[in-house]
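For reference, the sequence and a predicted model appear below.
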Amino acid sequence: METMPRFLEVRQGGKRTFLEPAKILHMEASSNYTTIHAEGQRPVMVAKVLKKYQQLLECYGFMRINNSVLINTHKVRAINQDGGIVMDNESKFYPSRRRKSEMKNFLKVSVAPQFLPLP
């Protein structure tokens, strides 16, 4: 049985940083690179595809909402009437049509039912 990592090792150039998954707000993909946005830190760009982080972090409540964004569902501040997801750092993202209902169901059941707009 695989254990959940306590820290995420991020390598940028010759520097290694260890991030707590709970402090990560969201991640954005750009080709074969991922930019990690964490509380109290500058965004970090790493040479790893978003899918790898998705596999590592789903057990912490992270969700892929479109092809280029992975969010920490515990850091969602609001879901607007237009479907936009507002994060704690005021970043705003829109889920893909395919993942919109999956994302709403996940958030309704497990994270933040008070944020969902009325049907």
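Looks like it arrived, so ask away.

how much space is there between the closest residue to Lys48 other than its chain neighbours and Arg16?
Beyond its immediate neighbours in the sequence, the residue positioned closest to Lys48 (C-beta to C-beta, 6 or more residues apart in numbering) is Thr34, lying 5.6 Å away. (Glycine included, C-beta is placed from N, CA and C.) Noted for Thr34: a distance of 16 Å to Arg16, by C-beta to C-beta, to the nearest Å.

what do you get for Glu58?
Here the criterion is C-beta to C-beta. By it, Glu58 lies 23 Å from Arg16.

Can you list the neighbours in contact with stretch 44-60?
Applying C-beta atoms under 8 Å, 6 or more residues apart in numbering, the external contacts of stretch 44-60 come out as 4-5, 8, 10-12, 17, 21-22, 24, 27-30, 32-36, 38, 62, 64, 68, 70, 72.

Take those and keep only those in strands.
Within those, membership in strands is found for 8, 10-12, 17, 24, 27-30, 33-36, 38, 62, 64, 70, 72, as judged by DSSP state E.

Tell me, how many residues neighbour the residue nearest to Lys48?
Close neighbours of Thr34, defined as other C-beta atoms under 10 Å, add up to 23.

Repeat that for Val86.
Other residues within reach of Val86, judged by other C-beta under 10 Å, total 15.

Make 48 the starting number, not 1.
Taking 48 as the first residue, the last one we looked at is Val133.

What does the pLDDT read for it?
Here the pLDDT value assigned to Val133 is 91.

In terms of helices and strands, where is it?
With elements taken from DSSP states H and E, the one containing Val133 is strand 132-134.
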